[in-house]
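Student: structural data only, the sequence is not supplied:
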């Protein structure tokens, strides 16, 4: 081979090598630029299933459905699948299986095989408060499934004069929104759900009361929907239970909040309200509702109702706070107020209970204890009962009982923290009258003991 030929071959080899290197670099750059699906999580709610894809960066996506067999198809642009599906619990969901594969060389296709028809909805959530960018897919049930969620609330007939008082108990956060985090992976959503369930169980054992859980499992409910659920339940009281965190672990103490229409009563109240109101961004509300705008326009019409509701909220909050103070250190000794979105019901007295700071090691230890949670729930119960014994709604069993139940004689069940003098004051009688009517020789009473309250003139 001549020198010219060798030179030409050498040029061809160099050019070919440059092309190979360029292609390799392009492939590597493309792979590095792709968004990764780093995790997949699923939650079942009474009326829908939520699937969340944790993303390494924002990505465009599209969603459509196919029949025969039923499928939901999600295409994600410039994405790769880097998550494990082995531990995903699909039981009680419409999803039979999840498949994924590359598409068009650089895109990702995810296919959900379904066992029944759903109405899918998807949206993207930007990184917020420590949560990664997320693609959220909601599979809404087309028909209600009666075996899931809370049983329907039975509304008493208008003619009834002895209906139960209905208390809607809302465990904060849930699902992909864990709420505040404490030591040893303690999550607010789990702690407050256990307290809420304990309180509901205790209330449902009390004659004249029916407790309903707003959230019946580990799933997220938007803040506005929580208060709407309470209204649909025709609740006499809405109680939202939380265990928040602060930037300093030394912050401690339980609190009770009512709504404020004029700003927060303290910096801590403002801080906590802002954190709770941001939970819709973390929990995943993918569309803007115009219904809140309607509420603003209709504000003049509900102003008088809201004023009465706020008054009742402050009253019940005071009873609950004082009762809770018998087992918990209190952050403040009066009900605080702030603009909590979950409390903005115009016609249902509503309070938010902060059971303690989960960021405080000592209080986190208490909140992790089933014994302490039960004691705390018992004091929440006592506060609720004390309020409704003093201000029973008309037409309820408690109102009928307070009026003497036809005989003029009422019965009162002793709760933790009760004293003879406190009970006498509540029913406007003397301690001596109470002792004589019940054959008591001293001031010793026991939790669960039933006292007969003499009629007053």
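Tutor: Nice, I can see it. Just so it is clear, the model here is predicted, and its values are computed rather than measured. Numbering: from 1, shown residues only.
Student: make it CA atoms for all contacts and neighbour counts henceforth
Tutor: OK.
Student: give me the residue ranges of this protein where confidence is low.
Tutor: By pLDDT under 70, the low-scoring segments of the chain are 1-33, 129, 144-161, 262-306, 404-408, 456-457.
Student: quick check: phi and psi at the residue nearest in space to the middle of the chain.
Tutor: In the chain, the residue lying closest to the centroid (CA atoms, centre = their mean) is residue 172, at 2.8 Å. Phi and psi for residue 172, reported as degrees, to the nearest 10, are phi -60, psi 160.
Student: report the contact partners of it.
Tutor: The contact partners of residue 172, by CA atoms under 8 Å, 6 or more residues apart in numbering, come to 179, 188-189, 192-193, 240-242.
Student: gap between it and residue 219?
Tutor: Residue 172 sits 10 Å away from residue 219, going by CA to CA, to the nearest Å.
Student: check residue 100 too.
Tutor: Counting by CA to CA, the gap from residue 100 to residue 219 is 25 Å.
Student: residue 121 now?
Tutor: Residue 121 sits 17 Å away from residue 219 when distances are taken as CA to CA.
Student: returning to what we had before: between residue 100 and residue 219, which one's more packed in?
Tutor: Between residue 100 and residue 219, counted using other CA atoms under 10 Å, the more crowded position is residue 219 (22 against 15).
Student: in helices only, show me the contacts of residue 172.
Tutor: Mapping the contacts of residue 172 onto helices (DSSP state H) picks out 188-189, 192-193.
Student: among those residues, which ones are buried?
Tutor: Buried members of the ones in helices among the contacts of residue 172, scored by 16 or more other CA atoms under 10 Å, are 188-189, 192-193.
Student: closest to residue 224 among the residues you listed?
Tutor: Nearest to residue 224 among those is residue 189, at 17.7 Å by CA to CA.
Student: that closest one: what's it in contact with?
Tutor: By CA under 8 Å, 6+ apart, the contact list for residue 189 reads 171-174, 177-180, 218, 242.
Student: repeat the analysis, applying 10 Å as the threshold.
Tutor: 171-181, 217-220, 241-243 (CA atoms under 10 Å, 6 or more residues apart in numbering).
Student: got it, and residue 241?
Tutor: Residue 241 is in contact with 169-173, 188-189, 191-193, 195-196, 256, 351-355, counting by CA under 10 Å, 6+ apart.
Student: try residue 434
Tutor: 420-421, 423-424, 427, 440, 451-454.
Student: which of the residues you listed sits closest to residue 235?
Tutor: For the contacts of residue 434, the nearest to residue 235 is residue 427 (25.3 Å; CA to CA).
Student: residue 49 - nearest residue in space that isn't next to it in sequence?
Tutor: Excluding the flanking residues, the one nearest residue 49 by CA to CA, 6 or more residues apart in numbering is residue 139, at 5.1 Å.
Student: ditto for residue 313
Tutor: Sequence neighbours aside, residue 349 is the residue nearest to residue 313 in space, at 4.7 Å (criterion: CA to CA, 6+ apart).
Student: ranges for the helices of the stretch 201-350 of the chain?
Tutor: Applying DSSP state H, counting those that start in this stretch to the stretch 201-350 of the chain gives helices spanning 223-232, 267-277, 279-283, 291-297, 299-324.
Student: list the buried residues for stretch 92-111?
Tutor: So, applying 16+ other CA under 10 Å, buried residues of stretch 92-111: 93-95, 102-103, 107-111.
Student: please list the members of those that lie in strands.
Tutor: Among these, the members found in strands (DSSP state E) are 95, 102-103, 107-111.
Student: of those residues, which pair is most distant in space?
Tutor: Of all pairs drawn from those, the greatest distance, 22.6 Å, lies between 95 and 107 (CA to CA).
Student: ends of stretch 205-225, how far apart?
Tutor: Terminal residues of stretch 205-225 lie 27 Å apart, using CA to CA.
Student: so for it, what gets flagged as buried?
Tutor: Under the neighbour-count criterion of 16+ other CA under 10 Å, stretch 205-225 has 208-224 buried.
Student: stretch 319-329 too?
Tutor: Neighbour-count burial for stretch 319-329, counted by 16+ other CA under 10 Å, picks out 319-325, 327-329.
Student: thinking again about what came up before, need the overlap of contacts for residue 172 and residue 219.
Tutor: Common contacts of residue 172 and residue 219 (CA under 10 Å, 6+ apart): 178, 189.
Student: is residue 210 bridged to anything, and to what?
Tutor: For residue 210, the beta-bridge partners are residue 166 (DSSP bridges).
Student: report the contact partners of the nearest residue to residue 224 once chain neighbours are set aside.
Tutor: Excluding the flanking residues, the one nearest residue 224 by CA to CA, 6+ apart is residue 342, at 6.0 Å. Contacts of residue 342 were listed using CA under 10 Å, 6+ apart, and they are 170, 172, 222-228, 238-240, 259, 273, 276-277, 350-352.
Student: in strands, which of the contacts of residue 189 appear?
Tutor: Per DSSP E, those map to strands at 171, 241-242.
Student: turn those into CSV, columns for distance to residue 401.
Tutor: Below are the ones in strands among the contacts of residue 189 laid out as CSV (distance: CA to CA, whole Å):
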residue, distance to residue 401
171, 30
241, 29
242, 33
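Student: by contact count, what packs against the helix or strand harbouring residue 53?
Tutor: Residue 53 is located in strand 48-55, with elements delineated by DSSP states H and E. Where contact means 3 or more CA pairs under 10 Å, 6 or more residues apart in numbering; DSSP states H and E, strand 48-55 is packed against strand 35-44, strand 79-81, strand 118-125, strand 133-141.
Student: and the next helix or strand after that strand, what's buried?
Tutor: Going down the chain from strand 48-55, the next helix or strand is strand 61-66, by DSSP H and E. Across strand 61-66, burial judged by 16+ other CA under 10 Å covers 61, 63.
Student: ok, the next helix or strand after strand 61-66: who's next to it in the sheet?
Tutor: Per DSSP H and E, strand 61-66 leads on to strand 71-76 as the next helix or strand towards the C-terminus. Counting by DSSP bridges, the strands paired with strand 71-76 are strand 61-66 (antiparallel), strand 107-114 (antiparallel).
Student: out of the ones you listed, which gets nearest to residue 447?
Tutor: Closest approach to residue 447 among these is made by strand 107-114 (52.6 Å; CA to CA).
Student: tilt between that closest one and strand 35-44?
Tutor: Interaxial angle, strand 107-114 versus strand 35-44 (axes from the mean of the first three to the mean of the last three CA atoms, to 10 degrees): 20 degrees.
Student: got a list of contacts for strand 107-114?
Tutor: Contacts for strand 107-114 (CA under 10 Å, 6+ apart): 34-37, 61-67, 69-81, 93-103.
Student: that older thread, tell me which of the buried residues of stretch 92-111 is nearest to residue 392?
Tutor: Nearest to residue 392, judged by CA to CA, of the buried residues of stretch 92-111 is residue 93 at 41.7 Å.
Student: list the contacts for the closest residue to residue 127 other than its chain neighbours?
Tutor: Counting by CA to CA, 6+ apart, residue 127 lies nearest to residue 133, which is 4.3 Å off, once chain neighbours are set aside. Each residue near residue 133 by CA under 10 Å, 6+ apart is listed here: 37, 53-59, 124-127.
Student: residue 244 too?
Tutor: Residue 244 sits next to 172, 179-182, 187-188, 252, 254, 272, 275-276, 354-360 when contact means CA under 10 Å, 6+ apart.
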